[in-house]
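Peer 1: model the structure of this input:
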Amino acid sequence: MFRKGEITTRKNIKFKDNEKLDINLNGHPTVNLIDDDGSGNAYFLTMTSQTANYIKNKDKCILMNTNKYNKLKRPSLVKVEHIYTREEEFRCTPTGILTSEEYNNVIDKLKDFKENNNCHKDNSGCRRYAEIKDKL
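Peer 2: Predicted structure coming up:
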């Protein structure tokens, strides 16, 4: 079971920007975009602590500072360029949750990026966006 705005650690993510598999034993932080709809599929965005990339990728990410709700160890970027989906399995560990304001900021950034970058249903990221757009 997963909730929108929840920060979850997931293992074995294949990153879409470089096609590399994340083999970190602890997994990789992600943000759930929608609540569990009973289908078993999670839609999520990945995060990175490489905040030095923020300036050059400002249109593709949003900066999250640490707080008592998200429980991030350090400021991190939520990357909105690629939406990931997978059937949920035992390898997901919830670690925190975005505040309502943080979640709304992520969704606004996601919508802005997808709608202003020729998002068409013929690529997987845009298909996924179209599948969940009304649930955001």
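
Peer 1: show me where pLDDT drops low in the protein?
Peer 2: 88-91, 118, 120-125 (pLDDT under 70).

Peer 1: which residues of it fall in helices?
Peer 2: When secondary structure is read from DSSP state H, the chain shows helices at 100-116, 124-132.

Peer 1: now the longest one against helix 124-132, angle please.
Peer 2: Here helix 100-116 runs at an angle of 120 degrees relative to helix 124-132 (axes from the mean of the first three to the mean of the last three C-alpha atoms, to 10 degrees).

Peer 1: list the helices and strands helix 100-116 packs on?
Peer 2: strand 61-64, helix 124-132 (3 or more C-beta pairs under 8 Å, 6 or more residues apart in numbering; DSSP states H and E). To be clear about C-beta, it is placed using only N, CA and C from the backbone, and glycine gets the same treatment.

Peer 1: which helices and strands sit right next to the first one?
Peer 2: To tie it back to what came earlier, the one meant is strand 61-64. Using 3+ C-beta pairs under 8 Å, 6+ apart: strand 61-64 touches strand 76-79, helix 100-116.

Peer 1: much appreciated, bye for now.
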